[in-house]
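Give the three-dimensional model of this entry:
(one chain, ligands or ions: 1)
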Amino acid sequence: MHELYTVLAEYYDVIYRKRAERVEDEIDFVEELFRKEAERKVKKILDLACGTGIPTLELARRGYEVTGLDLHEEMLAVARRKAEGEGLGIEFIQGNALELDF
Ligand SMILES: C[S@@+](CC[C@H](N)C(=O)[O-])C[C@H]1O[C@@H](n2cnc3c(N)ncnc32)[C@H](O)[C@@H]1O
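Numbers count the residues shown, from 1 in each chain. Coordinates of the predicted model:
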């Protein structure tokens, strides 16, 4: 399963192009949850298993301070390239979401 993403990374956004086109709707929903459920204004977001950063970048475009974490460097490399292309200052970290030490 995990090895899939090392091979898939460069093709992920092509395969999920239709979904990526709807990411604004996804993040609208996330922001609605923030408004309804969060105890304070959300400013910082840790996007676990961020992959190629489809939602991560949209969150950053909306002004959140976002960190993306993913197991696979290959996925992160795509995410970093896209973020740099848009001039978005997103920190991307390689790590296992199941073994966070913070
Ligand atoms: C289906 S992709 C989703 C990517 C992104 N969240 C999105 O919505 O486009 C799943 C991602 O989870 C990552 N992943 C799987 N297990 C993980 C783990 N234990 N810790 C961090 N990332 C993990 C994979 O490397 C892959 O990039």
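
quick check, residue 57 in a helix?
Yes - membership of residue 57 in a helix is supported by DSSP: H, G, I helix; E, B strand; the rest coil.

What residues does it make contact with?
79, 82, 83, 86, 88, 90 (C-beta atoms under 8 Å, 6 or more residues apart in numbering). Where you see a C-beta, it was placed from the backbone N, CA and C, and this is true even at glycine.

Tell me who's in contact with the fifth one.
Just to be clear, that refers to residue 88. Counting by C-beta under 8 Å, 6+ apart, residue 88 has contacts 57, 60, 61.

Next, format the residues you listed as JSON lines and append distance to residue 98.
Formatted as JSON lines, these follow (distance: C-beta to C-beta, whole Å):
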{"residue": "57", "distance to residue 98": "24"}
{"residue": "60", "distance to residue 98": "24"}
{"residue": "61", "distance to residue 98": "28"}
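
which of the contacts of residue 57 sit farthest apart?
Spanning the widest gap among these are 79 and 86, at 11.1 Å by C-beta to C-beta.

Those two: who's more crowded?
residue 79 (24 against 10; other C-beta atoms under 10 Å).

Just the buried residues of the helix or strand where the more buried one lies, please?
Taking DSSP states H and E as the definition, one finds residue 79 inside helix 73-86. If you call a residue buried by 16 or more other C-beta atoms under 10 Å, then helix 73-86 has these buried ones: 74, 75, 76, 78, 79, 80, 82, 83.

and those near the ligand, which?
Counting by C-beta under 6 Å from any ligand atom, residue 75 from the buried residues of helix 73-86 sit close to the ligand.
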